Each structure stands twice: as C-alpha cells, then as structure tokens.
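Visitor: this one's structure only:
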C-alpha cells in the first residue's frame, strides 16, 4: 500500500515536470509595431525573432540589469547610457574589473539598420550574435552564461518573462540564445529619425544660416565652397553607409604601424588595415569623445581633422585629404551635425531603464 | 500491371517533352583586368605619362541585362545587377536560370540605373537590396552613384598617397553597352560566359593620360560622361 502511494507521488512529480512549471503563465505574444521609421525606411528582422512587446520587455530588463555581470556591478547600460545615445562618455570603455578596453562604446541608436557587421571592425554579424559576447568578455561583464542562466532560473520574475516572450514551458528551457534574442529585440526599437534635419526634410521649419552652410559642405552641394565629402561615408538617412574606411586618424606609415587594424582583424586583407565602420552621426552631439579610440574631445576637433586630411596612411580613403574648410564651413559643419540630435526614443517606456 | 506501365510511359514522355523547352543555366563571370593581367587592387600601375597610381575600388550597376540571339530576338536576363570587383581576382559571377538554349550574338545592358529606378532612394528598399546601400546614393544629385572607380596617385612627391575618384551618376549618364559574344547556351547545362573589363583604357583618352583627381561633381559632367563612356568600351567577351 505504502509502496503504491510512493508510486503515485512519483508519477505525479514526473507528470508535473513534463507539464512544465511555467504553463500557468499565459503565452500570447503581441506583435510590436515600430514607429518613427518613415524617413529611415524598413529594417530587416530575422524571421525567428519577430518583435513582440513581451520579447522587448524582457530584453529591456536584461539590458539594464547587472545580473549579467560577474559581481552584479555592471549592466549593458553601464557602457551604453540612454542619455548619451547609448554610449558611455569615455574614450575607451572600462569593464567590471576596472580594466580598460581598447575601443570606445558605440551608440546603439538605429542599430537595427547596422546590417553590414557590428562593432568598429564588423566582427559580429547581427544583434542576436553580438548580444552573447559582452557577458563573457573578460574586460566587459566577465561572467559566464552558465551561471547567468542559473540566476535567471532562481529569479522571481525572469522565468515568467521568458515564458511570455518565447513560450518556454519550463524554466529549464531558459537558454542564452533566448536572452540574446530578447536583447536584440530591445535594441531594434531604439529608433531616432526625428531630428531637426528630418523635420526640415519634411517641410517643417528651416535650417539657420550656419546649419545650411554645414549641410552644403557635408553633401558637397555648393561648387563654390570646399567639398566636405562627409556624405559619401555618413550618408543620410542613417548618416552612415555602414561601410568600412580608413579616415586617416591613425599615424601609420606602414601596415605594421596601425595600432588598431580594424576590419583587417576580420578579413586579414592588407587593404583593410585600419578600416573602421563609419559610425552614424545621428545624436553625435551626445556621444563625445569621438572615434574608435575616443581621441577627439569635441566636434570642432573632428572637423579640424577632416579639414587637414589626417595622416597619409597606407589605406587612407581617397576622399580624405586636405580639404581646407573656411572658418564659416567649420562652424557650419558642427552646427549641422548638432541638427541631427533626436532623443525622442527616450519617450518610449520600453527604451528607458525599467528599474528606475 | 498495365496501369503501372502507363504511368511509367506517360511520365517518361512528360519529362522528355520538358527537355524540348531547351533552357540552360548561365553564369556570366565579370573579370577585372589591367591590360593583359588580372587587376590587382593596390598594385602600382603607370599611366601613359609615367605617373604611378593604384586602383582600390571598381564597381558599377548594370540595368536591363539581356542577350540577343542570332535570329535577333531578345532573351531578358535581369533588371539590375551590381558588379563590385572588391578583391576577388577570380571574377564576379552573376547567375541566371532557364536561359533559352540558342546561339547569342551579344550581351547588352545599360551602365547605371533606369530613370524610374533612379528616382527612388535607399530608404525605399529592404536592407538586403543593393539599392538600399546609402553609400551608392548621392542626394546632391538626386541620383544613385552608377559607378565608383577609386585609387591613389603619386602627386609628384614620389609616394602614391593622394586619392583620386571617379563617381558617375544622374539619368543623363546612363550608358548603353553592347558586348559581342557569339557563344551558345546549351540546354540542360551550366554554361559560362566570361567578360573581361579592362581597366587600362579608363585612364587614357585620345592617346593621353587622364588626369587623376577627385571627380564626382555633376557640374563637371563632361568629364564624368567621357569616363563612363570609357567604362562602356572596356568590356570584351573571352573564351575561358
């Protein structure tokens, strides 16, 4: 008799296990409609990671939660601060152990459109793949996914949130790939397409004199003043073409003198030494210091660099040369770049820090 | 039993009648040359006047790609392709399926974008499209950039550090190309036509060296027009 009871208990446990401990939570994801992309156009979304409110909400929490770091001290948002257009204001980022990396944190605004490789050197293909990396990066979050997953399972709300986002039936099904998908969804909704530039393009308002000179220089519109050539690499609507260039900032006379070889890390080609992905200039006003190593403190310094043409490195792009801007053009370029600021994404409750 | 035989027979008949439609697959391989050699990006070449220069980029859009059969009829291949020589010395392959088996006298296309396509913008396209690439759109022209040819030149200092570029675009520069092939596409086979684009001629005009500078200004359209004409003249079909 007693044996029989045992058997029933075991059967019961086995059954409830098979049922999954999360099935009581409803799985009914709601598609998320992205707004503000009229001028930017559509962006690609992987078929197996469509945007849903539940997925984005999970990604948002993971992004701002220090649970992803070894000592619970840092989150993605420690280096990607929303108020700085998701950069950190440092020349190069410093991770949980106080060790500095070699590169500057990149803006995540409009990351959904960065389709030709992520990172300065393009070494990651897409946001799903990228999101797996910071957790185990030794100079970033320096944790390991095995432990993070265990912490998720013990967490009061994450198991339900994974269920709501991805339909898992049991917390044992929580995987790092699902966390990465959620982080990718969150990053895809950080959209900026409503700057002064966009409004003027839509017939609302007008550029002031300075901004107009800047625009003419930026897009080589006026044959009477020096071309800026900026638009070739930082073309609208994204203000990047997602391509890789050597813009002559490194003082390298030969290939071996590049301190950061950039794209060549990935391709191993001599012609790619020193090439970095041209970053978006949207919200550039908020993301100082500038360049992959944060070498320039101000936009004025950046413009000065382009005016002089930088160093004659082996792979310097043909467009980078002594352009000789007038003072008016220099102030104009800075004013024009400041007309690309738009932080309206912060009005989206899914983008802001949910723990505040 | 007889039923089975019937099915077998009809299916054999069916499949062989399919063969009668006679189409084959075709790869057109574009190969970048400099004179008789395969073009090497970054290698030093010399202009007619001895000026040393390098080539670092060469690409073009081709629209309305079609072939003309011996009997004068046309076989349409594609609305739009972008040939970006990048670093691949083996050539850029464009593949077409179900091309009529026939002898073809020429391949024809236009370098650039047809006006209705050129009236669109990168944000009208999904990121996977070659037309979504903002690096090939120039708002100051209201046009896509049809061709990009870039490199570096010795500006007299003895080192090849100064950049040169030719970017062409705008509707009026759309340029027709006719390449004589006289080759046949055989049915049920993977056929290959090879086209060489010889870059050497791009840098010579009327027996003189073309001045290498920054050329992407539509107010300078004459210079760009002769450049794209030379691109149009640079193609020849070769046997493998």
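Guide: Sure thing, it's come through. Quantities reported herein were computed from a predicted structural model and do not represent experimental measurements.
Visitor: for chain A, what spans make up the strands?
Guide: Ranges of strands within chain A are A:244-245, A:276-277, based on DSSP state E.
Visitor: Check what contacts stretch B:120-133 and list those residues.
Guide: Identification of contacts with stretch B:120-133 by Cβ atoms under 8 Å, 6 or more residues apart in numbering or on different chains yields A:39-44, A:113, A:115, A:235, A:237, A:241-242, B:61, B:80, B:82, B:117, B:134, B:136-137, B:144. Backbone N, C-alpha and C define where each C-beta goes, glycine included.
Visitor: make that stretch A:205-219, sorry
Guide: Here stretch A:205-219 makes contact (Cβ under 8 Å, 6+ apart) with A:196, A:199-200, A:221-222, A:225-228, A:230-231, A:234, A:325, A:328-329, A:331-337, A:339, B:138-140.
Visitor: and the residue most central in space within chain B, what pLDDT?
Guide: Central residue of chain B (Cα atoms, centre = their mean): residue B:83, 5.0 Å from the mean position. Residue B:83 is assigned 96 on the pLDDT scale.
Visitor: helices or strands up against whatever helix or strand it lives in?
Guide: Using DSSP states H and E, residue B:83 maps to strand B:74-84. Packing partners of strand B:74-84 (3 or more Cβ pairs under 8 Å, 6 or more residues apart in numbering or on different chains; DSSP states H and E): strand B:52-69, strand B:92-100.
Visitor: Repeat the analysis, applying 10 Å as the threshold.
Guide: strand B:23-34, strand B:52-69, strand B:92-100, strand B:102-111, strand B:143-154 (3 or more Cβ pairs under 10 Å, 6 or more residues apart in numbering or on different chains; DSSP states H and E).
Visitor: so where is the chain shaky, pLDDT-wise?
Guide: By default, I'm working from chain A. Across chain A, the ranges flagged by pLDDT under 70 are A:1-19.
Visitor: right idea, wrong chain: chain B
Guide: B:1-21, B:87-89, B:218, B:240.
Visitor: at 90 what do you get?
Guide: Along chain B, the parts satisfying pLDDT under 90 run over B:1-21, B:42, B:86-91, B:122-130, B:132-135, B:138-142, B:155-163, B:213-222, B:239-240.
Visitor: List the contacts of residue A:280.
Guide: A:85, A:106-107, A:109-111, A:113-114, A:192, A:234, A:237-242, A:287, A:340 (Cβ atoms under 10 Å, 6 or more residues apart in numbering or on different chains).
Visitor: could you pick out which of those are near chain B?
Guide: The overlap between those and the neighbours of chain B (Cβ under 10 Å from any Cβ of the partner chain) comes to A:113, A:114, A:234, A:237, A:238, A:239, A:240, A:241, A:242.
Visitor: Chain B: which of the strands of chain A is closest?
Guide: strand A:244-245 (9.8 Å; Cβ to the nearest Cβ).
Visitor: Give the pairing partners of the closest one; include direction for each.
Guide: In the sheet, strand A:244-245 lines up against strand A:276-277 (antiparallel) (DSSP bridges).
Visitor: From chain B, how far out is the residue positioned nearest the centre of chain A?
Guide: When Cα atoms, centre = their mean is applied to chain A, the residue found nearest the centroid is residue A:108 (2.5 Å). Going from residue A:108 to chain B by Cβ to the nearest Cβ, to the nearest Å gives 17 Å.
Visitor: Name the nearest residue to that residue, sequence neighbours excluded.
Guide: The shortest distance from residue A:108 to any residue other than its chain neighbours is 3.9 Å, reached at residue A:86 (Cβ to Cβ, 6 or more residues apart in numbering or on different chains).
Visitor: Just to check, the one you found is in contact with residue A:282?
Guide: No. Judged on Cβ atoms under 10 Å, residue A:86 makes no contact with residue A:282 at a distance of 11.4 Å.
Visitor: hey, what's in contact with both of those two?
Guide: Common contact partners of residue A:86 and residue A:282 (Cβ under 10 Å, 6+ apart): A:107, A:109.
Visitor: Could you check which of those two has the larger neighbour count?
Guide: Taking neighbours as other Cβ atoms under 10 Å in any protein chain shown, residue A:86 and residue A:282 compare with residue A:282 leading, 28 against 25.
Visitor: Only the buried residues of stretch A:268-275, if you could.
Guide: A:271, A:272, A:273, A:274, A:275 (16 or more other Cβ atoms under 10 Å in any protein chain shown).
Visitor: Revised request: answer the last question for stretch A:186-206.
Guide: Applying 16+ other Cβ under 10 Å to stretch A:186-206 flags A:186-198, A:200 as buried.
Visitor: For chain B, what's its nearest residue on chain A.
Guide: Chain A approaches chain B most closely through residue A:318 (2.4 Å), counting by Cβ to the nearest Cβ.
Visitor: Could you give the number of residues near the closest residue to chain A within chain B?
Guide: Nearest residue of chain B to chain A (Cβ to the nearest Cβ) works out as residue B:163 at 2.4 Å. Residue B:163: 23 surrounding residues under other Cβ under 10 Å.
Visitor: Any idea what it is bridged to?
Guide: Beta-bridge partners of residue B:163, as defined by DSSP bridges: residue B:152.
Visitor: so it sits right up against residue A:310, yeah?
Guide: No. Residue B:163 lies out of contact with residue A:310 (Cβ under 10 Å); the separation is 11.7 Å.
Visitor: Pull up the overlap in contacts between the two.
Guide: Counting by Cβ under 10 Å, 6+ apart, the residues touching both residue B:163 and residue A:310 are A:316, A:317, A:320, A:321.
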